[in-house]
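>>> Here is my input; please provide its structure:
(2 chains)
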Amino acid sequence: MQTCSLWVIVFSWAALTVGAFSPLCDVLRELERDKEQCLQEPKNNSENGEPISGCPRLWDNMICWPFSFTGQTVKAECPKFLQMITGKNGFVFRNCTQDGWSETFLRTDTACGYDVNDTTNDKRHSYFLKLKVMYTVGYSTSLVMLLIALGILITFRKLHCTRNYIHMHLFVSFILRALSIFIKDAVLFSNDVGHCDDHLVGCKTLMVFFQYCILTNYSWLLIEGLYLHTLLVVSFFSEKKVLQYFIIFGWGSPAVFATSWAITRHFLENNGCWDINANPFIWWIIRGPVIISILVNFILFVNILRILMKKLKTPEMRGNDMNHYKRLAKSTLLLIPLFGIHYIIFALSPEDTMEIKLFFELALGSFQGLVVAVLYCFLNGEVQLEIQRKWRQRRLNNWFWMRPSLSSSFNSGTSGLTHMTKASPLEQGTGTAWKGSVI
Amino acid sequence: MVSAKDVAKAIMVLYVIGFLTNADGKSIKKRAVTEVQLMHDWAEYLNRETRLEWLRKKLAEILPPNTISHGASRALVAPAEVRLRKRADTNLIANQDHQLAPGEKTHGKIDKADVDILSKVNP
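I've put the predicted structure just below:
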């Protein structure tokens, strides 16, 4: 936990000091190179010191026009920097007249495929902003609730058990995910003038941290699934050892993937701030494990539901069919956010619904932390019981402090009160004994 | 007799096969890690926008104002700037030596910003 907070501090500091990458670097570099080349080339407009008639070499701020004789038409390729932006090529012409160079025929921008009226991107901008507002709200509410939930689980020692330790790690991974997204947004989408290569180490480190946080979240979702599945399938196992393995797996495996992604990026696709994943194969280093964890979790989820159905149908379980299905539906709904099953629902959506999918998945994904914190901490019977107990104890203590003379006579009453605390409604509704202990 | 378990297994296998075959790289490309996908899309979009915006300003500066046909670009060119540019153009033709055309220095903020960034590129 301590190392985690240290990481967060380091990266928040990095976020404040690190600037974004300027997308103009390569264009400006190209333009500057062309210009220098044009101005440094030896001049050819005189032969043996005698000036001859013609147009001198001209750098028109975009293209270098070579020396040419009067009456010539010069054809020049579109400047490289324009090609880099428009992605199109073309030619521009100039006549060398007696009065010097003529204007270019075909304006350089139209000849090179630049269209001023291209405003298709305005819609996209508002779409991105809408998305950002939505997930910022989601992640910030999740962040607050998760921090409170984590605080509760850490402070109440009675709640310390393997299941809650795993929940705590999951909460931390959700918190890290939310934080890393805020930091990334602050760095990448700020309005400052970007930097070029020499300022990018911090920016790239942040990007690796962002990928790591996303991966840890998926790995801990997978561990929740693995743990519940092991509880149901394996009869005897050492909880302590399993927890140790889970911790190593949960925080270690994302580190392996994030590091290998960083190394591959550094050697094979070292452009910008590593925020654009142009090479799909390198992106697979991040996407692959995520997809596998979603798939495995889905399989575990189906298997758990199958086992649950079996247990509910055994003769010891009293009640009618309707009751069974109610319980099944309830536990399914409880498990979906814990395992991140909603990811697979959208995994099968067709490609052309991409925008809607992004919208829904970000909405669900950003509120997932909140839902998990509410279901597995605030609505949890044990947690509620423990909070109630502490609350009553505190009130009683205060009461005794206010009236010290009465403290001795009511001493025996305290223990009685704590025993009288009722189980929470959720606990009563669940009914099945194993569920209370497992989920 | 086929049990419910077998049916469930078969459905699972079919589902996984369907998922994997359907997802031949291209289609799955956009189906995982929404945040990363969004970052990618957004960064690409912002990059493009910044470049186009820069290009628009640059072209409005460089190209002779009388040839700028689009209303939007024309609105951006203030009369004072036009005068400056004319001077810059004549200077360019006059100064074909290695020295920098003096008019270039008067281009204003954008060039200054460019130079700032460039000085970071080539320290």
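
>>> can you list the domains in chain A?
A:27-41+A:52-112, A:118-316+A:323-390 (the TED database).

>>> among those domains, which gets the worst mean confidence?
Sorting the domains of chain A by mean pLDDT places domain A:27-41+A:52-112 lowest, at a mean of 82.

>>> what packs against the longest strand along chain A?
Using DSSP state E to define each element, chain A has its longest strand at strand A:91-97. Other helices and strands packing on strand A:91-97, by 3 or more C-beta pairs under 8 Å, 6 or more residues apart in numbering or on different chains; DSSP states H and E, are strand A:73-77, helix A:108-111. Quick note: C-beta positions are derived from backbone N, CA and C, even for glycine.

>>> roughly how far is the one helix or strand A:L221 maps to from the heart of the chain?
Element membership of A:L221, judged by DSSP states H and E, is helix A:200-233. Here the centre of helix A:200-233 is set off from its chain's centre by 11 Å, with C-alpha atoms, centre = their mean, to the nearest Å.

>>> after it comes which helix or strand?
On the C-terminal side of helix A:200-233, the nearest following helix or strand under DSSP H and E is helix A:239-268.

>>> Any stretches of chain B with poor pLDDT?
Along chain B, the parts satisfying pLDDT under 70 run over B:1-32, B:64-123.

>>> ok, back up a step: chain B is nearest to which of the helices and strands packed on strand A:91-97?
Among the helices and strands packed on strand A:91-97, helix A:108-111 comes nearest to chain B, with 5.2 Å by C-beta to the nearest C-beta.

>>> Now look at the helix or strand harbouring A:V290 and say if it contacts chain B.
A:V290 is located in helix A:280-313, with elements delineated by DSSP H and E. Yes: against chain B, helix A:280-313 shows contacts by C-beta under 8 Å from any C-beta of the partner chain at A:P280, A:W283, A:I286, A:R287, A:V290, A:I291, A:I294, A:L295, A:I299, A:V302, A:R306.

>>> could these go into a markdown table alongside neighbour count and distance to A:F359?
What follows is the residues of helix A:280-313 next to chain B, written out as a markdown table (neighbours: other C-beta atoms under 10 Å in any protein chain shown; distance: C-beta to C-beta, whole Å):
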| residue | neighbour count | distance to A:F359 |
| --- | --- | --- |
| A:P280 | 12 | 23 |
| A:W283 | 21 | 22 |
| A:I286 | 23 | 22 |
| A:R287 | 20 | 20 |
| A:V290 | 24 | 19 |
| A:I291 | 22 | 20 |
| A:I294 | 23 | 19 |
| A:L295 | 18 | 23 |
| A:I299 | 16 | 27 |
| A:V302 | 16 | 27 |
| A:R306 | 16 | 33 |
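
>>> Need the max-distance pair from these.
Spatial extent of the residues of helix A:280-313 next to chain B (C-beta to C-beta) is set by the pair A:P280 and A:R306 at 35.5 Å.

>>> which one is the closest residue to chain A within chain B nearest to, not counting chain neighbours?
Chain B approaches chain A most closely through B:N47 (3.8 Å), counting by C-beta to the nearest C-beta. Closest residue to B:N47 apart from its sequence neighbours, by C-beta to C-beta, 6 or more residues apart in numbering or on different chains: A:P23 at 3.8 Å.

>>> Could you tell me how many residues sit around that neighbour?
Neighbours of A:P23 under the rule other C-beta atoms under 10 Å in any protein chain shown: 21.

>>> Looks to me like it is in a helix.
No: per DSSP: H, G, I helix; E, B strand; the rest coil, A:P23 lies outside any helix segment and is coil.

>>> pretty sure it contacts B:L46?
Yes: with contacts counted by C-beta atoms under 8 Å, A:P23 reaches B:L46, the gap being 7.3 Å.

>>> Nearest to A:F249 among the residues of helix A:280-313 next to chain B?
Checking the residues of helix A:280-313 next to chain B against A:F249 with C-beta to C-beta, the nearest one is A:V290 at 14.9 Å.

>>> In contact with that closest one: list those residues for me.
Taking C-beta atoms under 8 Å, 6 or more residues apart in numbering or on different chains, we find A:V290 in contact with A:I214, A:L215, A:Y218, B:A32, B:V33.

>>> neighbours of the last one, just the number please.
This points to B:V33. By other C-beta under 10 Å, 25 other residues sit near B:V33.
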